[in-house]
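With the sequence up front, the predicted model follows.
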Amino acid sequence: MKQSYLHLAAIVSLCAGMSAGVKANDKLVVGIIGGSDTQISVNSISQITFSNEEMTVATPDGEKKFQLSSIDNIHFDLATSSTDNITASLGNDISVKVNNGIMSINAPAEVPVSVYVYNMHGLLVTSRKGSESLSIDFNHMAKGAYIVKANNKVIKFTR
């Protein structure tokens, strides 16, 4: 059970961290039971694999191996926040902008927009439906990573 949880946590965290805009000082932190944390620059990670009760993190400097049974926690130390000015295109002329914690989804005239926001536990936090333009205020939500599904496109967002 712990092994499956660690796999899922690492994969979801990596996806969320990578799409939030990796910065030079962003780190993957692996906490070892009764030991010290190992920090690895996210920019240097080329692959994370799980096999034979091990997690392997590949970097240009080589591989770092961790026994799953010795891992206490896995998290990312990211230098991102929802106050960053972020703009992304989802195709079909749909754009997403984040400014001061408010996400705006804009589409061409009369194009329906459906937005669903999930927390990292997979629970629906909020949803909106409309046409042309929708806004979601993340400022009142707990800090953490969110999965935003807008018109069947997925955005990972860290607050």
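Noted; the coordinates are in hand.

For this protein, just list every one of the strands.
Secondary structure of the chain (DSSP state E): strands at 27-32, 38-41, 47-51, 54-59, 62-67, 71-77, 86-91, 94-99, 102-106, 112-119, 124-131, 133-137, 145-150, 153-158.

Kindly reformat these as TSV containing mean pLDDT and mean neighbour count.
Every C-beta, even on glycine, is put in place using the N, C-alpha and C of the backbone. Formatted as TSV, those follow (pLDDT from 0 to 100; neighbours: other Cβ atoms under 10 Å):
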stretch	mean pLDDT	mean neighbour count
strand 27-32	87	18
strand 38-41	89	14
strand 47-51	87	12
strand 54-59	90	16
strand 62-67	92	13
strand 71-77	83	16
strand 86-91	61	13
strand 94-99	81	16
strand 102-106	86	18
strand 112-119	88	16
strand 124-131	90	13
strand 133-137	88	15
strand 145-150	84	20
strand 153-158	77	18
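
Domain parsing of this protein, as residue ranges.
Domain assignment for the chain, taken from automatic domain parsing, gives 2-77, 86-158.

And the pLDDT at residue 151?
On the pLDDT scale, residue 151 is placed at 78.

actually residue 24, sorry about that
At residue 24, pLDDT is 55.

Kindly report the same for residue 100.
At residue 100, pLDDT is 80.

same thing with residue 18?
As summarised for this prediction, residue 18 has a pLDDT of 46.
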